[in-house]
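1. A structural model of the following input is requested.
(one chain, ligands or ions: 1)
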Amino acid sequence: MCGIVGAVAQRNITPILLQGLKRLEYRGYDSCGVALHVDGALTRSRSTSRVADLESQVEKAGLSGFTGIAHTRWATHGAPASHNAHPHFSRERIALVHNGIIENHDELRAELSAAGYVFESQTDTEVIAHLVDSMYTGDLFETVQQAVKRLHGAYAIAVFCRDEPHRVVGARQGSPLIVGVGKGENFLASDAMALAGTTDQIIYLEEGDVVDLQLQRYWIVDGSGRPAEREVRTVHAHTGAAELGPYRHYMQKEIFEQPRAIADTLEGVTAVMPELFGDKAYNIFKKIDSVLILACGTSFYAGVTAKYWIEAIAKIPVNVEIASEYRYRESVPNPNALVVTISQSGETADTLAALKHARSQDMLNTLTICNVATSAMVRECKLAYITHAGVEVGVASTKAFTTQLTALFLLALSLAQVRGRLSEEEEAAHLKAMRHLPAAVTAVLALEPQIIAWAEEFSRKENALFLGRGMHYPIALEGALKLKEISYIHAEAYPAGELKHGPLALVTQEMPVVTVAPNDALIEKLKSNMQEVRARGGQLYVFADADSRISSSEGVHVIRLPEHYGMLSPILHVVPLQMLAYHTALARGTDVDKPRNLAKSVTVE
Ligand code: HGA
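-> Next comes the predicted model:
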């Protein structure tokens, strides 16, 4: 989603701003822009195309400057159009970029319009620019501190003023913003990766912070205006995205990186122990009586899979909640629960807010499963397991999901161990199976040619059903989500036993029904559900295990996974579903890595 970069320096910062935006492109955006202080005036360039297009506009116009801000926008208020792209100006004096949503924008807009401000965009962001201008005292830092008090909602902002050429002010509440400390120059950005190669001295601003950046100094105050000391950390942010190599899309590359990503996530794990999750894990795991998992999207499905594992292995009751629902509903808080948040980026706005909501209700035993060690989520939880998926560029999550599952399985084992429910033999067997996962996933990836043949048929459909049972039900959900995200085919997933309670009405010859059919205790039940589909003419596409007795027949297409993998089977079974979605999207010619309307890091509510 939106990305912010800002700089105050004694050299031309245009390349730093544009490079920063390129590094933030992976978050997803629909327009972009840059504003610079040039010869005592504000100058800007905006584009509804890629950052590369903005770059050529900037080059053509010969734009350069020492102070400026830049932005990638994922529209929430107002269409993705040039006049809505940031930076927004007020009276040619204030330039501002924003990530987040201002909830009282209507009220402020009315007030500012009455005061004579003319709005050029439909965004909530322009309201902040005019608000800052209307309150401007001659000191931008002071003004922003006062102005943000009028905002309700979430924001990270970067702002500069025509009349104070060597100053950029930033503020955050509910959206990420970091400071990059340089020598005689200072920076702002949405994450450290945007500044890789420029500075590795990073400050993570806290909620409510306002920061004043000048050439030789920076100064931070907290939400109540008191000077705030914030740690400067050395962050070796990798520039991430890397080369596509032999792959056509990042999603395909990331699917094929899964054996490596899982191996990296397990690196150093020689035994099951709570300390894998942090020093305090043993004491926390010992005292909790339940688990509450909070997540969104694909991470939510990882959480649902974990519920099956934790309840079966550790015998601890687990609730899994969609973060955006949990944060607003009246739930019954349990201070003895372990609150587990799952987020690839660690910046997912809804999940962060759900975590805060849980903490505000005295639920202080917090753990996160996250792919970014420096993220807000990791900083705000007592315990953490960092997955080592590496940077995930494709909007449709793949390797982040399987590495989350890997970490969650370890969590199930660790909880079981602390409660005396894991014998040494069981521990050894599980660890052996986990170590074999990279090889097992590699074998599944070899199924790609067979899946391409199915994808051709799927590409001509507009609907699909996915079925699974038990711990493969969330895998069916994830398979359906992948297909709809990138191929735009309407797909729904059901626990197979639910078919007869409604969705069977949808089944005709036109309906492909993908069935996740591992050789587990539910296989015979699942076969009956498949018969129900066949009896109505539905076409079954079954992912079975090697030793399964399910075989191809009229209307029943079968691809066999190389081996049955017991409790870890969900990690294998999701891989062909990812490939099916990818190749179906490819056949339909969609923008696989940047599907319409979606963004990677969902940093707004
Ligand atoms: N609400 C602003 C910014 C949106 C945003 O943060 N997206 O990630 C807008 O619509 O321009």
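2. Which parts of stretch 362-369 count as buried, going by neighbours?
-> 363, 365, 366, 367, 368, 369 (16 or more other C-beta atoms under 10 Å). For the C-beta atoms, the positions are set from N, CA and C on the backbone; glycine is no exception.
3. Which of those residues sits closest to the ligand?
-> Closest approach to the ligand among those (C-beta to the nearest ligand atom): residue 368, at 21.6 Å.
4. Please, which helix or strand holds residue 492?
-> Using DSSP states H and E, residue 492 falls within strand 490-495.
5. Check which residues of that strand are buried.
-> For strand 490-495, the neighbour count (16+ other C-beta under 10 Å) marks 491, 492, 493, 494, 495 as buried.
6. for stretch 552-560, same thing?
-> Going by neighbour count (16+ other C-beta under 10 Å), the buried part of stretch 552-560 is 556, 557, 558, 559, 560.
7. With stretch 18-32 instead?
-> For stretch 18-32, by 16+ other C-beta under 10 Å, it's 18-32.
8. Between which two of these is the distance greatest?
-> The most widely separated members of these are 19 and 30, with 20.2 Å between them, by C-beta to C-beta.
9. which non-adjacent residue is nearest the closest residue to the ligand within the stretch 401-550 of the chain?
-> Relative to the ligand, the nearest point of the stretch 401-550 of the chain is residue 485 (17.7 Å; C-beta to the nearest ligand atom). Excluding its sequence neighbours, the residue lying closest to residue 485 (C-beta to C-beta, 6 or more residues apart in numbering) is residue 396, at 4.8 Å.
10. so that neighbour makes contact with residue 484?
-> No: using C-beta atoms under 8 Å, residue 396 is not in contact with residue 484, being 9.8 Å away.
11. the more surrounded of these two?
-> For residue 396 versus residue 484, the count of surrounding residues by other C-beta atoms under 10 Å is larger for residue 396: 30 against 16.
12. ok and the residue in the stretch 151-300 of the chain nearest the ligand?
-> residue 175 (6.8 Å).
13. need the next SSE after the host helix or strand of residue 409, C-terminal direction.
-> Using DSSP H and E, residue 409 sits in helix 399-418. Going down the chain from helix 399-418, the next helix or strand is helix 424-445, by DSSP H and E.
14. now that following helix against helix 399-418, angle please.
-> Here helix 424-445 points in a direction 170 degrees away from that of helix 399-418 (axes from the mean of the first three to the mean of the last three C-alpha atoms, to 10 degrees).
15. In helix 424-445, which residues are buried?
-> So for helix 424-445, counting by 16+ other C-beta under 10 Å, buried means 427, 430, 431, 434, 437, 438, 440, 441, 444, 445.
16. And for the residue nearest to the first one when sequence neighbours are not counted, the neighbour number?
-> The one in question is residue 427. Nearest non-adjacent residue to residue 427, counting by C-beta to C-beta, 6+ apart: residue 272, 5.0 Å away. Residue 272: 23 surrounding residues under other C-beta under 10 Å.
17. can you check residue 379 too?
-> If you count neighbours by other C-beta under 10 Å, residue 379 ends up with 13.
18. for whatever residue of the stretch 451-600 of the chain ends up closest to the ligand, what are its contacts?
-> Here the stretch 451-600 of the chain gets closest to the ligand at one residue, residue 599, 6.5 Å apart by C-beta to the nearest ligand atom. Residue 599 makes contact with 1, 27, 28, 29, 74, 395 under the criterion C-beta atoms under 8 Å, 6 or more residues apart in numbering.
19. relative to helix 399-418, how tilted is the strand or helix carrying residue 302?
-> Assigned by DSSP H and E, residue 302 belongs to helix 297-309. Using the same axes, to 10 degrees, the direction of helix 297-309 lies 30 degrees away from that of helix 399-418.
20. Compute the number of surrounding residues for the residue in the stretch 501-605 of the chain that the ligand sits nearest to.
-> Residue of the stretch 501-605 of the chain nearest the ligand, by C-beta to the nearest ligand atom: residue 604 (4.6 Å). The local packing of residue 604 (other C-beta under 10 Å) involves 21 other residues.
21. Verify the stated contact: it with residue 2.
-> Yes: in this structure, residue 604 is within contact of residue 2 by C-beta under 8 Å, at 7.4 Å.
22. tell me, what's touching the two both at once?
-> 74, 99, 100, 175.
23. re the thing from before, list the buried residues of the helix holding residue 409.
-> Applying 16+ other C-beta under 10 Å to helix 399-418 flags 399-418 as buried.
24. just to revisit the earlier point, the ligand versus the residue nearest to residue 485, what's the distance?
-> Using C-beta to the nearest ligand atom, to the nearest Å, one gets 18 Å for the distance from residue 396 to the ligand.
25. and what of residue 344?
-> On the measure of C-beta to the nearest ligand atom, residue 344 and the ligand end up 16 Å apart.
26. what's near enough to touch the residue of the stretch 501-605 of the chain closest to the ligand?
-> Contact analysis of residue 604 by C-beta under 8 Å, 6+ apart lists 1, 2, 74, 76, 99, 100, 101, 154, 175, 349.
27. so who does the closest residue to the fifth one other than its chain neighbours touch?
-> Using C-beta to C-beta, 6+ apart and skipping residues adjacent in sequence, the residue nearest residue 99 is residue 2, 3.8 Å away. Residue 2 makes contact with 27, 29, 71-74, 86, 97-100, 175, 190, 603-604, according to C-beta under 8 Å, 6+ apart.
28. And for residue 163?
-> By C-beta under 8 Å, 6+ apart, the contact set of residue 163 is 93, 138.
29. circling back to that earlier point, of the contacts of residue 2, which is the nearest to residue 8?
-> Closest approach to residue 8 among those (C-beta to C-beta): residue 97, at 14.4 Å.
30. OK, contacts around the closest one?
-> 2, 4, 6, 33, 35, 69-71, 86-88, 125, 157-159.
31. Nearest to the ligand among those residues?
-> Comparing the contacts of residue 97 against the ligand with C-beta to the nearest ligand atom places residue 2 closest, at 3.3 Å.
32. separation between the closest one and residue 531?
-> Distance, residue 2 to residue 531, using C-beta to C-beta, to the nearest Å: 50 Å.
33. before we move on, what about residue 129?
-> Taken as C-beta to C-beta, the span from residue 129 to residue 531 is 63 Å.
34. More neighbours: those two, which one.
-> Comparing residue 129 with residue 531 by other C-beta under 10 Å, the one with more neighbours is residue 129, at 30 against 12.
35. Let me see the contact set for that one.
-> Contact analysis of residue 129 by C-beta under 8 Å, 6+ apart lists 88, 89, 90, 94, 95, 96, 159.
36. switch to 6 Å and redo it
-> Residue 129 makes contact with 88, 90, 94, 96 under the criterion C-beta atoms under 6 Å, 6 or more residues apart in numbering.
37. cool, residue 605 as well?
-> Contacts of residue 605 (C-beta under 6 Å, 6+ apart): 101, 349.
38. Which strands or helices does the helix or strand harbouring residue 475 pack on?
-> Taking DSSP H and E as the definition, one finds residue 475 inside helix 473-487. Here helix 473-487 touches helix 297-309, strand 463-468, strand 490-495, helix 569-588, going by 3 or more C-beta pairs under 6 Å, 6 or more residues apart in numbering; DSSP states H and E.
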